[in-house]
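Visitor: Here you go, sequence then predicted model.
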Amino acid sequence: MSIFFKMNVSIVFLRSHARCLVPFTLPRKRRDLYSTILQRHMSSKIPAVSYPDKDNASPPAQLELDGWKTTMKSSVQEEAVFTVPSNKDEDTPAATRRLIEMWRLLGRNVPEHITEEELKNIMECASKKSKQKYLKFLYIKENLKKAKQNKKEMKAAKKEAKKAQLLETTEEDEQQNVLFLRLWNIKETIAMGWKGAQAMQFGQPLVFDMAYDNYMKPEELNNTIRQLLESEGCNRRDVDPFHIYFCNLKPDSAYHRELVKRYGKKWDKLFLTATEKSYVDLFPKNNIIYLTADSPNVMTTYKHDKIYIVGSFVDKNMQPGISLAKAKRLNLTTECLPLDRYLQWSTGNKNLTLDQMMRILLCLKNTGNWEEAMKFVPRRKHTGFLDISEHSRGFVNRLKKAKTFNSFPKHTFK
């Protein structure tokens, strides 16, 4: 018994320390069982991997070394840009330009050309983000300027293409066109010059009173000069033009400076009379009629033996009655156009522009037809012409005849 006990103790001791001494081996049946259990457990956790055949497998894509190098370099540059340098001359213009050039290489929104003032503004920016925002603003501004320049170049190219297309005509057509154009220009210039010279000698005078330059603002003065130019051109193209007088035109006045500026070298060649004198000194007062919208006297007929005066001003903000008061001070006859007799006038003043007055007076001078002359009044100022029926015309004629008959003495009819 003692011997058996000793053997069991030794066996137990050996079993407990057998792992440290020799590798542990299991019986064959138990080992197979453990291996099957382990395989089942691993197959449930790890997905099955299929191993394709080596012959059918496609070769792996080759690594693009050039692309990898550029990517690594750009990443290194970007890290170098956004890292805070420890150089003392970071705020110098050269360092700032190097920083901007680095950002340009990285593809950021940076303008191509930067002035010294813009560079100074970039250096004064407090943070790097503010610098980027300012550079983006300069980039957008530069692109807009380039787009504008490209648009201008495209327009110039289109004009050149049109000119080239016109010059592609045949030599015969070109000679004929140039010939007719030259003849037309020469004849037109000669005809206008002849009519202007004839009007200065024998034409009816039409006076523009230029004594209102102190009553207007610069913008209103420019509008008046524009209307005077339009009036002079309309008169020059007419069949029977007026002899235009610019009276009370002082050499150093605003009117004179603007007229010389607009006409240039043609100012001395115009067929009109510009003088400092007043129309009262040039013409007798009995033959002068001052046309003003504030006059109580309505113009009934156009008189070819009278001198009509038109005030040269734009009276949007002027006080009404200035031209009427001036005519009364000079003891001149005043008249206004019969707008209410021929037009259904809407609300608003009855002041017309200088070029409209010129067209109306030219039409009355050539035709004497009021209805044709009133067509030059802008449509926005009235609602249409008054419809005068035959009955009303006959009634007016009968009234006129009755007045004429009653005016004669009774003994003349006996």
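Guide: Cool, got the structure.
Visitor: most residues in a single helix of this protein, which one?
Guide: Of all the segments assigned as helix in the chain under DSSP state H, the longest by residue count is helix 128-166.
Visitor: buried residues in that one?
Guide: Residues of helix 128-166 classed as buried by neighbour count (16 or more other C-beta atoms under 10 Å): Lys131, Gln132, Leu135, Leu138, Tyr139. The C-beta positions use only the backbone N, C-alpha and C, and glycine is treated the same way.
Visitor: of these, closest to His304?
Guide: Proximity of these to His304 was ranked by C-beta to C-beta; the top entry is Leu138 with 70.1 Å.
Visitor: In space, what's closest to the closest one - neighbours in sequence excluded?
Guide: Setting aside the residues directly before and after it, Leu138 is nearest to Pro111 in space (C-beta to C-beta, 6 or more residues apart in numbering), at 4.4 Å.
Visitor: Same question for Phe376.
Guide: For Phe376, the closest residue by C-beta to C-beta, 6+ apart turns out to be Arg359, at 4.3 Å.
Visitor: Name the residues of the helix or strand the one you found falls within that are buried.
Guide: When secondary structure is defined using DSSP states H and E, the element that contains Arg359 is helix 354-366. The neighbour-count criterion (16+ other C-beta under 10 Å) identifies Leu354, Asp355, Gln356, Met357, Met358, Arg359, Ile360, Leu361, Leu362, Cys363, Leu364, Lys365 as the buried residues of helix 354-366.
Visitor: before we move on, what about stretch 98-107?
Guide: Applying a neighbour-count criterion of 16+ other C-beta under 10 Å, one finds Leu99, Ile100, Trp103 buried in stretch 98-107.
Visitor: Likewise for stretch 272-292?
Guide: Buried residues in stretch 272-292, defined by neighbour count with 16+ other C-beta under 10 Å: Leu272, Thr273, Ala274, Tyr279, Phe283, Ile288, Ile289, Tyr290, Leu291, Thr292.
Visitor: pLDDT weak spots in this structure?
Guide: Along the chain, the parts satisfying pLDDT under 70 run over 1-91, 167-188, 316-319, 346-348, 387-414.
Visitor: okay, now the domains of the protein?
Guide: Domain assignment for the chain by automatic domain parsing gives 85-168, 170-197, 203-399.
Visitor: just those domains: most buried one?
Guide: When neighbours are counted by mean count of other C-beta atoms under 10 Å, the highest per-stretch mean among the domains of the chain falls to domain 203-399, a mean of 16.
Visitor: What about the buried residues of stretch 272-292, which are in strands?
Guide: Thr273, Ala274, Ile288, Ile289, Tyr290, Leu291 (DSSP state E).
Visitor: give the contact list for the last one.
Guide: With C-beta atoms under 8 Å, 6 or more residues apart in numbering as the criterion, the residues that contact Leu291 are Met299, Tyr308, Ile309, Val310, Thr334, Glu335, Cys336, Leu337, Met357.
Visitor: and which of the residues you listed is nearest Met374?
Guide: Leu337 (8.4 Å).
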